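[1] generate a structure from the sequence data that follows.
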Amino acid sequence: MSIGAIDTSRIEAMVAQLKAAQARATSAGESPLQAKQATGAVDFASALKSSLDQVNQVQQQSQQLAQRFEMGDTTVSLSDAMISLQKSSIAFQQTIQVRNKLVSAYQEIMNMGV
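    A predicted model of the protein is given here:
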């Protein structure tokens, strides 16, 4: 079904994927963080770098998709480009919020009396 230029079947497929991922996580009985902790210690620096690399990759992919759409590539729809750009925006905003929390925690620790 298509509303205007938006293909709702793709949105419904994405929602189904999200629900399936959530079901897999809850069926395991533990959160992904708990699973990583159980398998071994995770280095904070490597986890942070990995997270930043993923955000960077999402942003680059969305930029490439938007450029392909702008150049007239018929295999890329407007809805695909917009969804990809929104995903990258949300990932970046999440990264900013994590950074803000880390800075706040650092400032609290530095203000503690010893």
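
[2] all strands of the chain, in order?
    2-3, 6-7 (DSSP state E).

[3] weakest of the ones you listed by average pLDDT?
    The minimum mean pLDDT among the strands of the chain belongs to strand 2-3 (a mean of 48).

[4] quick check: which ranges of this protein have low pLDDT?
    Along the chain, segments meeting pLDDT under 70 span 1-7, 25-41.

[5] what does the domain assignment say about it?
    By the record's domain assignment, the chain is partitioned as 1-41, 43-114 (automatic domain parsing).

[6] out of those domains, which one sits most buried?
    domain 43-114 (a mean of 12; mean count of other Cβ atoms under 10 Å). (Glycine included, C-beta is placed from N, CA and C.)

[7] end-to-end on that domain?
    27 Å (Cα to Cα, to the nearest Å).

[8] chain center to that domain: distance?
    Between the mean C-alpha location of domain 43-114 and the chain-wide mean there is a distance of 7 Å, by Cα atoms, centre = their mean, to the nearest Å.

[9] please renumber the chain so that the first residue is 32 from this point on.
    In the new count, where the first residue is 32, that last one comes out as domain 74-145.

[10] now do the same contact list for the spatially most central residue of the chain.
    Per Cα atoms, centre = their mean, the C-alpha nearest to the average position across the chain is that of Ala122, at 4.4 Å. Residues in contact with Ala122, defined by Cβ atoms under 8 Å, 6 or more residues apart in numbering, are Gln85, Val86, Val89, Gln90.
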